[in-house]
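Chemist: Structure of the sequence below:
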Amino acid sequence: MSDFLDRYNKRVGRNGKNIGESYNKNTITFIESTFANAPTFRKVGVISTEFPEITEMDARVIEVERLGTLREVLFRPNQNLNVGTYLTFDDEIWVIFGKYGTGVSSKVLVSKCNRTLKWKDNNDQIKEYYCVASATDLGSKAKQSKDEIEWNKYDVRLPLGQLFIFVEANEDTESIQLNNRFIFGRKVFEITGVDDVTSVDRNGYGIIQFTAKVTTIQNGDDFENRIALNKNYEEINNQSQQTLIPEVKDDDVSGGRIW
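Modeler: A predicted model of the protein is given here:
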């Protein structure tokens, strides 16, 4: 029996230092040799701020039963991408919003982008990024209170006339502020909440979640090009700072009641 185990360990040890490492290497070799044979195999395009040098990867794509807008994507062993990365396959744009597994089995969850976030910055440069706009969270596990976004286990939708907007975190999207306005469909929405913490890693990569509500259409809103009117917020901030403490002249000060 001992001789049998010795011969078995020697045979297995040709591919690793121990049985576990050998099994791992053999599993990876098998997956690599058969990965492209699956009917779910895709060559997916990659659009990543974090890894701009990566433009294409091999993957297997599995549909998740939720209105056809979610997919589970399995990469080759020891390959992975992070939350906030855009993938292109099946003639659609998808954004990664969740990941799990490492090493042999690296998977991500993606949602189909149904809108673009488009605006002019303070230098009149047009910015546009793919996004997901929806009345529910990217996992149907969020609700919004009056002033902030709260998380729970229920599929709670936003009040009528409000949206969640999920977009890649980058230098441009991080400049979006409260009260900025955007056009989706035939309506104009105003940003009322910003969550750039929950799904953003310590290096600044991930997904920013905005909350927006329907607002009044203004004359400067360009529906043809889908760019809403936004004032220069640097000027607004300067004006607000100047009006925080009004100038009071000495001869205007008088005693008596303050109401």
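Chemist: domains of this structure?
Modeler: The chain breaks down into these domains under automatic domain parsing: 1-37, 38-113, 115-243.
Chemist: Put together a markdown table for those domains, with mean neighbour count and mean pLDDT on each row.
Modeler: Quick note: C-beta positions are derived from backbone N, CA and C, even for glycine. Output for the domains of the chain, formatted as a markdown table (neighbours: other Cβ atoms under 10 Å; pLDDT from 0 to 100):
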| stretch | mean neighbour count | mean pLDDT |
| --- | --- | --- |
| domain 1-37 | 11 | 71 |
| domain 38-113 | 16 | 90 |
| domain 115-243 | 15 | 81 |
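Chemist: Helix or strand: which one has residue 27?
Modeler: helix 19-34 (DSSP states H and E).
Chemist: Other residues contacting the following helix or strand past that helix?
Modeler: Going down the chain from helix 19-34, the next helix or strand is strand 41-47, by DSSP H and E. With contact meaning Cβ atoms under 8 Å, 6 or more residues apart in numbering, strand 41-47 is reached by 35, 54-61, 73, 81, 85-90.
Chemist: Repeat that for stretch 93-103.
Modeler: The set of residues external to stretch 93-103 that reach it, using Cβ under 8 Å, 6+ apart, is 24, 71, 73, 77-78, 80-88, 106-113, 130-132, 138-139, 166-168, 199, 207.
Chemist: and these, which of them are in strands?
Modeler: Residues of the contacts of stretch 93-103 located in strands (DSSP state E): 71, 73, 86-88, 106-112, 130-132, 166-168, 207.
Chemist: Now residue 229. Nearest residue, chain neighbours left out?
Modeler: Leaving out its chain neighbours, the residue that sits closest to residue 229 by Cβ to Cβ, 6 or more residues apart in numbering is residue 220, at 3.3 Å.
Chemist: For residue 177, see how far away the one you found is.
Modeler: From residue 220 across to residue 177, the span is 18 Å (Cβ to Cβ, to the nearest Å).
Chemist: Please apply the same query to residue 192.
Modeler: Residue 192 is 11 Å from residue 177, by Cβ to Cβ.
Chemist: try residue 77
Modeler: The value you get for residue 77 to residue 177, if Cβ to Cβ is used, is 42 Å.
Chemist: before we move on, what about residue 82?
Modeler: For residue 82, the distance to residue 177 - Cβ to Cβ - is 25 Å.
Chemist: Which parts of the stretch 101-250 of the chain are strands?
Modeler: 106-112, 115-120, 126-134, 142-144, 149-151, 162-168, 181-184, 187-195, 207-215 (DSSP state E, counting those that start in this stretch).
Chemist: Present these as CSV; the columns should include distance to residue 99.
Modeler: Putting those into CSV (distance: least, Cβ to Cβ, whole Å) gives the following:
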stretch, distance to residue 99
strand 106-112, 5
strand 115-120, 23
strand 126-134, 16
strand 142-144, 18
strand 149-151, 18
strand 162-168, 15
strand 181-184, 27
strand 187-195, 18
strand 207-215, 12
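Chemist: which residues does the most centrally placed residue in the chain contact?
Modeler: Taking Cα atoms, centre = their mean, the centroid of the chain lies closest to residue 207, which sits 2.9 Å from it. Residue 207 makes contact with 83, 84, 95, 97, 138, 166, 167, 168, 169, 199, 200, according to Cβ under 8 Å, 6+ apart.
Chemist: With adjacent residues omitted, what lies nearest to it?
Modeler: Of all residues not flanking residue 207 in the chain, residue 199 sits nearest, at 4.2 Å (Cβ to Cβ, 6+ apart).
Chemist: for residue 118, same thing?
Modeler: Closest to residue 118 by Cβ to Cβ, 6+ apart is residue 128, at 4.3 Å.
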